[in-house]
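Enquirer: From the sequence below, what's the structure:
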Amino acid sequence: MTMTRRRLVGSAAAFAAVTAIASQQIANADEPETPNLIEPTPQAAGAITPELIALNRMGYGPRPAQSTLVQNPAAFPGDVARIAALGGLDAYIEQQLDPASIDDSFCDQQLAATRFRFNYAADNQAPPRYPAVNELRPLDTLVQTVTQLWPLADFGTAMDWSERQRPWYEVRITTAVRAIYSERQLQEILVDFWHNHFNVNASGDVTQSVAFPDYDRIMRQNCLGNFRTFVEAVAKSTAMLYYLDNYSNRASGGEGGNENYARELFELHTLGSDNYLKFYDDRSQIGTVTYNGETFARGYIDQDVYEAAECLTGWTVGNGDWRLPAGTLNNGAFVYVHAWHSGGTKLVLSQLISNGQATADYMKDGQAVFKLLTDHVGTARFLCTKLCRRLISDYPPSDVIEAAVAEWMANRTAPDQIKRVVRVILKSAAFKNIWGQKVKRPFDFFVSYVRATNAQVRLVDDAHPSGSCWGSLFSTLSNTGHRLYEWPTPTGHPDLASYWLSTNGMLRRWNIPYSLISTGQYGINIQVNLFAQTPTGLTSTQIVDYWIDRLFGYAISSSTRTALISFMAQTGSPNSPPPLYSGETTLQERIECLVYLMSMAPEFQQR
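Expert: Below you'll find the predicted structure:
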């Protein structure tokens, strides 16, 4: 008997397992937001260790002993044992907070070996504009600057659309490879966090696509650095200048300036929407707030946005616009144009911003806005809450948030400000003990499954010559609601379980591990041999417990475990090796489906 998925879910034991698993998740999917959308089982809450919590929230999940995702599999003891060898969890946290000190050469080797397929038809207009292409390419736009990639944005040069999109395709592939292989797991988590915070839809416009490798570098260079420096780097990036239109923000422009970026700078990047006092237009009616003896404007009003937008006029891109000063290069790089700047005094958050007449001084208008915003305690609380939500729970404890705020405010000029704040969060008792109040996003779920099952990643995309395996993977993830670097609005993906636990999203999520053990469904370029990894001669109960230890590392709910044992044993005894049935020559498909069922368990969705 071939254990297809239809037979799998058709068997009584498997149906019981699926029912036990699904009822715990889909029942919660459409409930209102509550602090315990994914309530941990008593067994799990008591059994999971701080080390396992850290591996699941500071990274993409633990790897087993002898994992082939490392340089020397035979000598690899598994990630949990590796933390113990380092000297414990605090030592691991310190190591991860210093990514430059971590040898990541094996991940670099995988990136160098990665090839993805480019395949498109010829343009046979008269005269023909470009030939057909079907070839494997390396990730060679990642190290190129925006000026080197800018010719791809020139529509005067004929090329297939996929060529113009290639730079951001490569960033997305690199994100997956690094998540799976990198030893700098915390860095990868934080780069993702900041990409989501400073969201840019890379596929929304060709200018954003070609500038995306540079934008990704900004995230990597600043993810543990100083927030004030970070904000200005983002503001000057070609990707953000185009995405939120500040490249067209000029004094006396056709629309009188452009406030799109300035509004999101306040609402999303710094103070947050909770500090938007939309029903006020007179600051004298609002008052102030005090923190540790410092006084700050209470919230922001529309007038602050308008004035900040004036401060940022002239921050643009060398893009060939005929109104740019003579000699300005058309190279896609940031340029400040003094003639486009709105002079005069501005009032932002009750502070007068007025500079001298020298050209260089006028850029200080925008820089003064960044300082006002990044120094504000409202920004500290907004960002620290988001970091705690990402690293601890959907509804993090207020004492941890306040400890992070205090560290943020005390280190506003420190070059490693964010690192210091993250350290406070990771070393808190809440981080080490709260479990089950965060849900993996589909990308996290996929990567953690690959890492836990010791899957083999086919880095050379040669299995499907008619199309891209990598493209199929990200299309599958997009169908779950996780549109990596394609979230259309500036908000970025939601970071609450209520978004990720929709019924449709969960059903599509459950298809991902099945596609990895099926015959190339979706063309995902991963190979998983679960049968070969299972020790021989085990009873049905022992097989289940072996894989529970591999996928979870702690005791899952007894009802789910019992249903999984029944599935593995079928009509045989759970305390005997599982019998073969007609048409079965090995237990390969049954073990594959067993692990697939485990991946559906609520505990495997948690982090």
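Enquirer: residues touching the residue most central in space within the chain, list them.
Expert: The residue lying closest to the centre of the chain (Cα atoms, centre = their mean) is D192, at 3.3 Å. Contacts of D192 were listed using Cβ atoms under 8 Å, 6 or more residues apart in numbering, and they are T175. C-betas here are computed from N, CA, C, even on glycine.
Enquirer: Can you tell me what sits against stretch 530-549?
Expert: By Cβ under 8 Å, 6+ apart, stretch 530-549 touches 453-454, 517, 555-556, 561, 564-565, 568-569, 572-578, 586-588, 591-592, 594-595, 598.
Enquirer: Buried ones among those?
Expert: Buried members of these, counted by 16 or more other Cβ atoms under 10 Å: 453-454, 517, 555-556, 561, 564-565, 568-569, 574, 577-578, 587-588, 591-592, 594-595, 598.
Enquirer: Of all the residues in the lengthiest helix in the chain, which ones are buried?
Expert: In the chain, assigned by DSSP state H, the helix with the most residues is helix 161-181. Buried residues in helix 161-181, defined by neighbour count with 16+ other Cβ under 10 Å: 164-181.
Enquirer: Show the secondary-structure elements that it is packed against.
Expert: Counting contacts by 3 or more Cβ pairs under 8 Å, 6 or more residues apart in numbering; DSSP states H and E, helix 161-181 packs against helix 105-113, strand 116-120, helix 185-197, helix 206-210, helix 212-222, helix 442-452, strand 456-457, helix 469-479.
Enquirer: In a markdown table: those, plus mean pLDDT and distance to A81.
Expert: Below are the helices and strands packed on helix 161-181 laid out as a markdown table (pLDDT from 0 to 100; distance: least, Cβ to Cβ, whole Å):
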| stretch | mean pLDDT | distance to A81 |
| --- | --- | --- |
| helix 105-113 | 96 | 18 |
| strand 116-120 | 86 | 34 |
| helix 185-197 | 98 | 16 |
| helix 206-210 | 96 | 42 |
| helix 212-222 | 98 | 29 |
| helix 442-452 | 94 | 15 |
| strand 456-457 | 82 | 22 |
| helix 469-479 | 85 | 30 |
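Enquirer: Which one, of the ones you listed, ends up nearest to T295?
Expert: When these are compared for distance to T295 using Cβ to Cβ, the nearest one is helix 185-197, at 27.0 Å.
Enquirer: Break this structure into its domains for me.
Expert: According to automatic domain parsing, the chain comprises the domains 5-48+437-605, 106-234, 246-374, 377-433.
Enquirer: Pick out the shakiest of these, pLDDT-wise.
Expert: In terms of average pLDDT, domain 5-48+437-605 trails the rest of the domains of the chain, at a mean of 78.
Enquirer: From the chain's centroid, how far away is that one?
Expert: 20 Å (Cα atoms, centre = their mean, to the nearest Å).
Enquirer: Now do the same contact list for R381.
Expert: 401, 405.
Enquirer: swap the cut-off to 6 Å and go again
Expert: Counting by Cβ atoms under 6 Å, 6 or more residues apart in numbering, R381 touches V405.
Enquirer: For my notes, confirm V289 occurs in a helix.
Expert: No - in this structure, V289 is strand, not part of a helix, as judged by DSSP: H, G, I helix; E, B strand; the rest coil.
Enquirer: For it, give the beta-bridge partners.
Expert: Counting by DSSP bridges, V289 forms beta bridges with F296.
Enquirer: separation between it and V595?
Expert: Using Cβ to Cβ, to the nearest Å, one obtains 53 Å as the distance from V289 to V595.
Enquirer: Now render the helices and strands packed on helix 161-181 as TSV, adding distance to K236.
Expert: Converted to TSV, the helices and strands packed on helix 161-181 look like this (distance: least, Cβ to Cβ, whole Å):
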stretch	distance to K236
helix 105-113	27
strand 116-120	30
helix 185-197	16
helix 206-210	14
helix 212-222	9
helix 442-452	28
strand 456-457	35
helix 469-479	28
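Enquirer: out of these, which comes closest to I392?
Expert: helix 185-197 (12.6 Å).
Enquirer: Can you check what angle separates the closest one from helix 442-452?
Expert: 170 degrees (axes from the mean of the first three to the mean of the last three Cα atoms, to 10 degrees).
Enquirer: And the strands in the stretch 301-450 of the chain?
Expert: Using DSSP state E, counting those that start in this stretch, the strands of the stretch 301-450 of the chain run over 315-317, 334-336, 346-348, 351-353.
Enquirer: Tell me which of the ones you listed sits most buried.
Expert: Ranked by mean neighbour count, these are led by strand 315-317 with a mean of 24 (mean count of other Cβ atoms under 10 Å).
Enquirer: So what are the sheet partners of it and their directions?
Expert: Short version: by DSSP bridges, strand 315-317 pairs with strand 334-336 (antiparallel).
Enquirer: which residues make contact with the partner strand from outside it?
Expert: With contact meaning Cβ under 6 Å, 6+ apart, strand 334-336 is reached by 236, 314, 316, 318, 363.
Enquirer: make it 7 Å
Expert: Contacting residues not belonging to strand 334-336 are listed as 236, 238, 241, 314-318, 328, 363 [Cβ atoms under 7 Å, 6 or more residues apart in numbering].
Enquirer: Distance to T539 for the residues you listed - can I get that in a markdown table?
Expert: A markdown table is the format used below for the contacts of strand 334-336 (distance: Cβ to Cβ, whole Å):
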| residue | distance to T539 |
| --- | --- |
| K236 | 62 |
| T238 | 60 |
| L241 | 62 |
| G314 | 73 |
| W315 | 68 |
| T316 | 69 |
| V317 | 66 |
| G318 | 69 |
| T328 | 74 |
| M363 | 71 |
